[in-house]
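Q: return a 3D structure for these sequence lines:
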Amino acid sequence: MNEKTYTVVRVIYNKDDETSFDKEKNVIKLQGFRSPTEFDAEIGLHSSVFKKIFHKRKSEAADDMKRLSIVKVTYNGKSIYRNFRGVQSKDYKADFAVLSQQSISLLSSGKADAPMEVTLSKGWLLPYYWCHPDKAIRLSAKLGLLSVALGFLSVVLAIIPFLMALCN
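A: Numbering: from 1, shown residues only. Take a look at the predicted model:
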């Protein structure tokens, strides 16, 4: 399979009102962040990459896909799931993928000195929430799935006595 690879660019927390890209350091400073960890659950990509991954333009996508477009990021057999976020900046090209330092560390096992080349594909909701960087979201997803399983089990256990009574 001939997949396109994207060069990883590290995001830096920027309090200024400007976005800037440094080619030599492979770093982008994005505007509009309230905290350095705000970008941990996202991947910044050029808007043209959305069509390559999801096979439709963002304007043609359903409303739920516009809000939460999950991208599977793979590097050396390891995968993480991040939400798509459009990034525009001078000198920023469509073959760059912006990730936080935490995401880069997860993919590279903490050894990310050289530029990384990642492959991108469409992701799924369950692994996105199951392995979310925010512990509260990860915990609520796991507890929600557990409650659905326990609810199904309780319905089955409630029906068994009625079925036993019908057989007798």
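
Q: drop to CA atoms for contacts and neighbour counts, all remaining ones
A: Fine.

Q: contacts only, for the spatially closest residue to Lys4 that is not a sequence neighbour.
A: Leaving out its chain neighbours, the residue that sits closest to Lys4 by CA to CA, 6 or more residues apart in numbering is Thr119, at 6.3 Å. With contacts defined as CA atoms under 8 Å, 6 or more residues apart in numbering, Thr119 is in contact with Glu3, Lys4, Thr5, Tyr6, Val73, Thr74, Tyr75.

Q: and the helix or strand where Pro161 lies, how far out from the chain middle?
A: Pro161 belongs to helix 135-167 when assigned by DSSP states H and E. Mean-position distance between helix 135-167 and its chain equals 29 Å (CA atoms, centre = their mean, to the nearest Å).

Q: that one: which residues count as buried?
A: Arg138, Ala141 (16 or more other CA atoms under 10 Å).

Q: tell me what the residue nearest to Lys4 is bridged to.
A: Assessed by DSSP bridges, Thr119 has beta-bridge partners Thr5, Thr74.

Q: per-residue confidence at it?
A: Note on Thr119: pLDDT of 89.

Q: the one 3 residues further on too?
A: At Lys122, the pLDDT value in this model is 90.

Q: how much space between Leu126 and Leu99?
A: As defined by CA to CA, to the nearest Å, Leu126 lies at a distance of 20 Å from Leu99.

Q: who has more neighbours out of the two?
A: Higher neighbour count among Leu126 and Leu99: Leu99, with 25 against 13, using other CA atoms under 10 Å.

Q: who touches the more buried one in this structure?
A: Val8, Val9, Arg10, Val11, Phe39, Asp40, Glu42, Ile43, Gly44.

Q: neighbours of the fourth one, how many?
A: Residues contacting Val11 under the criterion other CA under 10 Å number 22.
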